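J.: Starting from these lines, generate the structure:
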Amino acid sequence: MDYIPVHLFKVGTGLNASSMKLVSCNWVLDLIEHIALVSAKH
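T.: Here you go, the predicted structure:
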């Protein structure tokens, strides 16, 4: 019985880690785009 919750927990944390990486990648891309736009205006 212990195997199933532990397995689901590992899958859940893996998904959370993946989504956090995606969010951080999107944040970095947004930041770079923002800097490019600001520097283009100046």
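J.: low-confidence ranges in this protein?
T.: Residue ranges of the chain with pLDDT under 70: 1-5, 7.
J.: Let's see that with 80 instead.
T.: By pLDDT under 80, the weakly predicted segments of the chain are 1-16, 19-20, 22, 25, 42.
J.: where do the helices sit along it?
T.: Using DSSP state H, the helices of the chain run over residues 3-41.
J.: Tell me who's in contact with L22.
T.: By CB atoms under 8 Å, 6 or more residues apart in numbering, L22 lies in contact with nothing. To be clear about C-beta, it is placed using only N, CA and C from the backbone, and glycine gets the same treatment.
J.: distance of it from V6?
T.: 25 Å (CB to CB, to the nearest Å).
J.: next one: E33
T.: E33 sits at a distance of 41 Å from V6 (criterion: CB to CB).
J.: Kindly report the same for V38.
T.: 48 Å.
J.: Equivalent analysis for S24, please.
T.: 27 Å.
J.: do I32 as well
T.: Noted for I32: a distance of 39 Å to V6, by CB to CB.
J.: Next, count neighbours for V11.
T.: V11 has 10 neighbours, counted by other CB atoms under 10 Å.
J.: do the same with K10
T.: By other CB under 10 Å, the residues close to K10 number 10.
J.: now swap in the one 3 residues further on and tell me
T.: Taking other CB under 10 Å as the criterion, the count of residues near T13 is 10.
J.: In contact with it, which residues?
T.: Not one residue lies near T13 by CB under 8 Å, 6+ apart.
J.: N16 now?
T.: Contacts of N16 (CB under 8 Å, 6+ apart): none.
J.: And it, how close does it get to D30?
T.: With distances taken as CB to CB, N16 is found 21 Å from D30.
J.: Could you do L22 as well?
T.: For L22, the distance to D30 - CB to CB - is 12 Å.
J.: and if you look at K41?
T.: In this view, K41 and D30 are 17 Å apart by CB to CB.
J.: Show me which of these two is the more surrounded one.
T.: Between K41 and D30, counted using other CB under 10 Å, the more crowded position is D30 (10 against 6).
J.: Many thanks, have a good one.
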